[in-house]
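Q: give me a 3D structure for the following:
(chains A and B)
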Amino acid sequence: MMKNPYQPLEATVEDIIIETPTIKTFCFRPKENFEFNTGQFIELTLPGIGEAPFTPSSDPSVKDRLEVTMMNVGRVTSILHSVSKNTTVGIRGPYGKGYPLDKFEGKEILIVGGGVGLAPLRSLLFSLFAKIDQYKKVALRYGARTPSDIIYKDTISNWAKKKKTDIVITVDVGDSSWKGNVGLVTTILKDLPVDLKNAVSVVCGPPIMMKFVTLKLLDLGFNPKDVYLSMEKNMSCGLGKCGHCRIGKFYTCKDGPVFTYEQLKDIHDIWD
Amino acid sequence: MQTLYLKEEFLSNFLDTLNKEYQVYVPYKVKGNTIKCDFDFQLPTDDYLFKTYSPNDKEKIIFNTYRTVEPLRTFYSYFKERIASYFISEQNKAIPQKKIAIFGVKNCDLYSLKIQDFVFLEGVTKDPLYEKRRKESLIISGDCPAFKEACFCLALHINPYVTDGFDLNFSPLNDGFLVDVGSSKGEDVIKISNNYFSLATPVQLSARVQKRNAVVEKLNHHLKPHKIPSEDLLQEIVTKGYSSAVWSDEALTCVECGGCNLMCDTCHCFLLSDERFGDINEKIRVWDACLYQNFAKVAGGANPNKYRYQRLRYRYFKKFDFFPDNLGMVACCGCGRCIDVCPGKIDIRRILKRLNDEKSVSTP
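A: The predicted structure follows:
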């Protein structure tokens, strides 16, 4: 009989990194090596409790360890946020289509993240930096609500030192210690150091942020084919069968979660 | 395809023989609801429910003249079932189950089975449970010599009789049945009960054609006042009607019971959940309904289908836009189960007609 596609792979929580008051990164060690392409997602099972979809935030070249950065926001994540090291979890996947790295070759890549939406983008950035010679430039524009909501602070400052890299961060609301930009992420999309004729953009964040960033990018002259979006839907099975994550004629789990705006632009209410 | 003849008095003998090898499901008649409106056709109101065949209940065995209450898919993906046990040293052993034979399947069900097969047997991966059940089941279909008020298969170009997709098909004729053999599985079954069957005569075959045509004519007549738009226009009608007020108007009487989804022959959505029984963790699959409020809600709280009218519309877009795009078929077989089940009297025929009327009005 064929392998049961609903059977999760056992993994243990090896480390938990507190990123912000509401966001933690969980490092899992799966019982067998687990491979994924950047941008693909997994279903993470809390044994006997529930399952939820996440896009790994770790480097896809690492096969024996997997990291997921998640905000404490729903039923499964709230329980996960309370678990300790060595907890057993389950992993199914990877599912869907990730970022098409081959299409990014020779291009300038503008990455726009919002809040915990930087998690899948970190995985993308690891992949890009691993073969940075193949790309012309990597520009990151990241917005968080407040300075204390910024995730991967140390990693971001390391990235900023890398060649061919241009990073700008903003917060919606600053505080007394914050010396950087204040304003929504769309405010740091002006005077972009990218050549629009040879650039692609990758956007991940809350739906409202993705909507306005996409509109802004189109306004700047990006082709809808070159705007890559990570769509958040209620994926349950991950296999294109359970029907929960439909967007128009697509299922987010198998046709996405990464879509170009070109694919989605004629579908009603995609940002809801 | 070979066509045989079975005298009605031998039907129970045939089922008895079948019962030795298969767990046989047969339709039982139950008293149905009172009729809504049948344009003086005096249409039957009784219903049929599938039950396991019992040789002691022979006198109750009947040939159902139209589809059962339950959709056919109940045999292939159960309403709630365990689909995986995990993190236990001992793999749970599958309990050997008798193969099933389903007697009383109709053409609407067979159309819908194509949708179910597409979902569960194609795409990213096959669904192992579905595949196993599908392979091991015997489908004995039957023509519909009658129809219910809610039946509208013909509007979708689906006939009230069966010509393919079965192992055996029964067409009632005089005091017996013409039996088509549609597969090698069906052939094997005939072999073990060969003595009850004779070859169908050309006279019987042409009598069947006449009988089938008469039902088609009557059903067409019944459907006329409903003015259901043509099947090939449905995708356009529904997509052009996205912003129509019909959705919110029709959703007014929706009580979110999910009946239209759960009784639907082509609906397939399910939700995975996890449960713990002692030391065993289990992944449970349970049918879900897009008319339920939280169907598309994500953990962050966003819900693209917050309102009932959006969920009603979502259902129609899935059936008449998603499936035509992905499979080239509408995901509606005209069985009318959603019409029969709806306590809010929401009628798919009326919604399609209203959308079509609006479209005709708006496009000069």
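
Q: show the contacting residues for residue 81.
A: In the absence of a named chain, this looks at chain A. Residues near A:His81 by C-beta atoms under 8 Å, 6 or more residues apart in numbering or on different chains: A:24, A:70, A:72. Glycine gets a C-beta too; all of them are placed from N, C-alpha and C.

Q: my question was about chain B
A: B:129, B:284-285.

Q: quick check, it in a helix?
A: No: under DSSP: H, G, I helix; E, B strand; the rest coil, B:Glu81 falls outside any helix and is assigned strand.

Q: which pLDDT value belongs to it?
A: Model confidence at B:Glu81, given as pLDDT, is 94.

Q: hey, what's it bridged with?
A: Note on B:Glu81: beta-bridge partners by DSSP bridges are B:Arg285.

Q: quick one: it and B:Arg133, what's the gap?
A: From B:Glu81 over to B:Arg133 the distance is 11 Å, taken as C-beta to C-beta, to the nearest Å.

Q: for the stretch 151-272 of chain A, which segments count as strands?
A: For the stretch 151-272 of chain A, the strands defined by DSSP state E, counting those that start in this stretch cover A:165-171, A:181-182, A:199-204, A:227-230, A:246-247, A:250-251, A:258-260.

Q: list the buried residues in the biggest strand by length in chain A.
A: Using DSSP state E, we find that the single longest strand of chain A is strand A:9-18. For strand A:9-18, a neighbour-count test (16 or more other C-beta atoms under 10 Å in any protein chain shown) marks A:9-11, A:13 as buried.

Q: for stretch B:50-58, same thing?
A: B:50, B:53.

Q: between the two ends of it, how far is it?
A: 15 Å (C-alpha to C-alpha, to the nearest Å).

Q: how far does that stretch sit from the chain's center?
A: 22 Å (C-alpha atoms, centre = their mean, to the nearest Å).

Q: what sits up against it?
A: Stretch B:50-58 is contacted from outside by B:12, B:15-16, B:18-19, B:23-28, B:61, B:68, B:70, B:74, B:102-104, using C-beta under 8 Å, 6+ apart.

Q: re earlier: quick one: mean pLDDT over the longest strand of chain A.
A: 97.

Q: low-confidence stretches in chain A?
A: Applying pLDDT under 70 to chain A flags the ranges A:1-2.

Q: closest to the centroid, which residue in it?
A: Nearest residue to the geometric centre of chain A (C-alpha atoms, centre = their mean): A:Pro120, 2.2 Å.

Q: can you tell me, leaving aside adjacent residues, what's nearest to that one?
A: Ranked by C-beta to C-beta, 6 or more residues apart in numbering or on different chains and with sequence neighbours excluded, the top spatial neighbour of A:Pro120 is A:Thr55, at 3.8 Å.

Q: chain A: helices as residue ranges?
A: A:75-80, A:101-104, A:118-130, A:153-160, A:207-220, A:252-255, A:261-264 (DSSP state H).

Q: Serialize those to JSON lines and add fields for distance to B:Pro145.
A: As requested, these are arranged in JSON lines below (distance: least, C-beta to C-beta, whole Å):
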{"stretch": "helix A:75-80", "distance to B:Pro145": "51"}
{"stretch": "helix A:101-104", "distance to B:Pro145": "59"}
{"stretch": "helix A:118-130", "distance to B:Pro145": "58"}
{"stretch": "helix A:153-160", "distance to B:Pro145": "72"}
{"stretch": "helix A:207-220", "distance to B:Pro145": "53"}
{"stretch": "helix A:252-255", "distance to B:Pro145": "42"}
{"stretch": "helix A:261-264", "distance to B:Pro145": "48"}
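
Q: of all those helices, which one comes closest to B:Asn303?
A: Nearest of the helices of chain A to B:Asn303, taken as C-beta to C-beta: helix A:207-220 at 11.0 Å.

Q: and the closest one, is it in reach of chain B?
A: Yes: using C-beta under 8 Å from any C-beta of the partner chain, we find that helix A:207-220 touches chain B at A:Pro207.

Q: ok, now how distant is B:Pro324 from B:Val238?
A: 10 Å.

Q: these two: who's more crowded?
A: B:Val238 (25 against 20; other C-beta atoms under 10 Å in any protein chain shown).

Q: ok, that one to B:Asn356 distance?
A: B:Val238 sits 10 Å away from B:Asn356, taking C-beta to C-beta as the criterion.

Q: mind telling me what element the nearest residue to B:Asn107 once chain neighbours are set aside is part of?
A: Spatially, and ignoring its direct neighbours in sequence, B:Asn107 is nearest to B:Val162 (4.7 Å; C-beta to C-beta, 6+ apart). In this structure, B:Val162 sits in neither a helix nor a strand according to DSSP states H and E.

Q: which residues touch B:Val162?
A: Counted by C-beta under 8 Å, 6+ apart, B:Val162 has contacts B:106-107, B:110, B:141-143, B:169, B:180.

Q: could you rerun that using 6 Å?
A: Shown in contact with B:Val162 (C-beta atoms under 6 Å, 6 or more residues apart in numbering or on different chains): B:107, B:141, B:169.

Q: helices - which of these land there?
A: Going by DSSP H, the helices hold B:Asn107 from these.

Q: restricted to buried residues, select the contacts of B:Val162 in ChimeraX.
A: Restricted to buried positions by 16+ other C-beta under 10 Å, the ChimeraX selection for those reads:
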select /B:107,141,169
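
Q: which of the contacts of B:Val162 sits closest to B:Arg308?
A: Looking across the contacts of B:Val162 and measuring by C-beta to C-beta, the closest to B:Arg308 is B:Asn107, at 32.1 Å.

Q: so which bits of the stretch 201-350 of chain B are right by chain A?
A: B:242, B:269-272, B:274, B:276, B:281, B:283, B:296, B:298-300, B:302, B:304, B:322, B:325 (C-beta under 6 Å from any C-beta of the partner chain).

Q: how close does the residue nearest to B:Val181 when sequence neighbours are not counted sit to chain A?
A: Nearest non-adjacent residue to B:Val181, counting by C-beta to C-beta, 6+ apart: B:Gln2, 4.6 Å away. When distance is defined by C-beta to the nearest C-beta, to the nearest Å, B:Gln2 is 33 Å away from chain A.

Q: quick check: B:Gln2 touching B:Val179?
A: No: counting by C-beta atoms under 6 Å, B:Gln2 stays clear of B:Val179, with 8.8 Å between them.

Q: give me the more crowded residue out of the two.
A: More neighbours surround B:Val179 than the other of B:Gln2 and B:Val179, with 23 against 13 (other C-beta under 10 Å).
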